[in-house]
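> can you look at this prediction? I've put the sequence above it.
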Amino acid sequence: MKAYQLNKVGLEEPLQLIELEIPQPKENEVLIKTKFFSINPVDLKTRMGLGVYGRIKTESPLILGWDISGEVVAIGSQVNDLKVGDEVFGMVNFPGHGKVYAEYVSAPEDHLAIKPGNISHEEAAASTLAAMTAYQVFVKNLNIGDSVLIHAGAGGVGHFAIQMAKIFGAHVIATASSKNEDFVKSLGADQVIDYTQTDFTKACHDVDFVLDMMSGDVLVRSIEIVKNGGKIVSLPSGLSNEIKESGKHKNVQIDFQLVESSVADMAQIAAWLTSKKIIPHVSQNFEFNEIELAHRQVYSGKTRGKIVVSA
């Protein structure tokens, strides 16, 4: 099978297209013929030696990627709920070694869900890590009636987060550029702040919760608009003690949260996709040999929703 291998940290050297033996699933795993996988910012961070690189750097061959949709073509001896021929999707082994940039992927049964029949493999591949991130953050931190500020509302996590926050009964404020304002409103945002024209700290105040995808100055300024006793979850890694202390002065709890593979959470995502309570947005579809173009698009930081790659 064909797969992309990371040989050297950094964006300068292309991922190497290699030939590997098709993996054999372990007892609790299924072998998936990949239809589509999606690209996340953590893929690029890991490629640059950040993200989860430290967890998987000693493994070889080092193959990036965690989001997959495809067809089960073989099963391990202890697999109970999936069978050959099932169409499945999921987030594989995150934050470990997913090895998804490949034509075949061996994945634990309990990291997968049956793909809803009303969505495509492209949409399914887009609805894994980003959707799971938003869901796991909100399950832990959000209450009915909360006001929520979601930064980068048009992005991968952001566009799922807006839809889910409404499911959770929140009042949703989102930042986005003017070109994405209508898109973000269509997702259910009650208020959209054009960050290119307006300082968000002047446009909202006393919110219960902030979901931060930006870190840096955006995270620091977000503290200003959270009410006493409110919370911020920052998704980029590297949350400093200094930032946490800044929050304490205003009685604002600031945490970093890392998404983890979960069969129960995948089942919830699948149910919402089936009922169309959440709708994934795939802005671009790249061919397998266009992996570098796909990475450049994600690196631009200008992607609406998600991009996917066919295998």
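Nice, I can see it.
> help me confirm that Val9 is found in a strand?
No: counting by DSSP: H, G, I helix; E, B strand; the rest coil, Val9 falls outside a strand, being coil.
> quick one: contacts for it?
By C-beta atoms under 8 Å, 6 or more residues apart in numbering, the contact list for Val9 reads Arg47, Met48, Gly49, Tyr53. No exception for glycine: its C-beta is placed from N, CA and C like everyone else's.
> other residues contacting stretch 241-261?
Contacts for stretch 241-261 (C-beta under 8 Å, 6+ apart): 90-95, 108, 110-111, 129, 132-133, 136-137, 140, 219-220, 223, 226, 228-235, 237, 239.
> from the residues you listed, list just the buried residues.
Buried members of the contacts of stretch 241-261, scored by 16 or more other C-beta atoms under 10 Å, are 90-95, 108, 110-111, 129, 132-133, 136-137, 219, 223, 226, 230-235, 239.
> can I get the CA coordinates of the lowest-mean-pLDDT helix or strand in the chain in PDB?
For the chain, scoring each helix and strand by mean pLDDT, DSSP states H and E identifies helix 241-248 as the least confident one, at a mean of 87. Listed next in PDB are the C-alpha coordinates belonging to helix 241-248 (Å, rounded to 0.1, in the frame of the first residue of the first chain):
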ATOM      1  CA  ASN A 241       1.600  29.300  34.300                       C
ATOM      2  CA  GLU A 242       1.800  33.000  33.700                       C
ATOM      3  CA  ILE A 243      -1.500  32.900  31.700                       C
ATOM      4  CA  LYS A 244      -3.100  30.700  34.300                       C
ATOM      5  CA  GLU A 245      -2.100  33.200  37.000                       C
ATOM      6  CA  SER A 246      -3.500  36.100  35.000                       C
ATOM      7  CA  GLY A 247      -6.800  34.300  35.000                       C
ATOM      8  CA  LYS A 248      -6.800  33.800  38.800                       C
END
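> now the residue nearest the centre of the chain: closest residue in space, sequence neighbours ignored.
Of all residues in the chain, the one closest to the mean position by C-alpha atoms, centre = their mean is Ala130, 2.1 Å from it. Distance criterion C-beta to C-beta, 6 or more residues apart in numbering; nearest residue to Ala130, sequence neighbours excluded, is Gly156 at 4.0 Å.
> what does Leu187 give?
Residue nearest to Leu187 in three dimensions, not counting chain neighbours: Ile162, with 4.3 Å by C-beta to C-beta, 6+ apart.
> and after the host helix or strand of the one you found, which helix or strand comes next?
Counting by DSSP states H and E, the element that carries Ile162 is helix 156-167. Counting by DSSP H and E, the next helix or strand C-terminal to helix 156-167 is strand 171-176.
> what comes into contact with that following strand?
Contacts for strand 171-176 (C-beta under 8 Å, 6+ apart): 145-154, 158, 162, 165-166, 183-184, 187-195, 200, 203-204, 207.
> what angle do that strand and helix 156-167 make?
160 degrees (axes from the mean of the first three to the mean of the last three C-alpha atoms, to 10 degrees).
> and strand 171-176, how far from the chain's centre?
Relative to its parent chain, strand 171-176 has a centroid offset of 18 Å by C-alpha atoms, centre = their mean, to the nearest Å.
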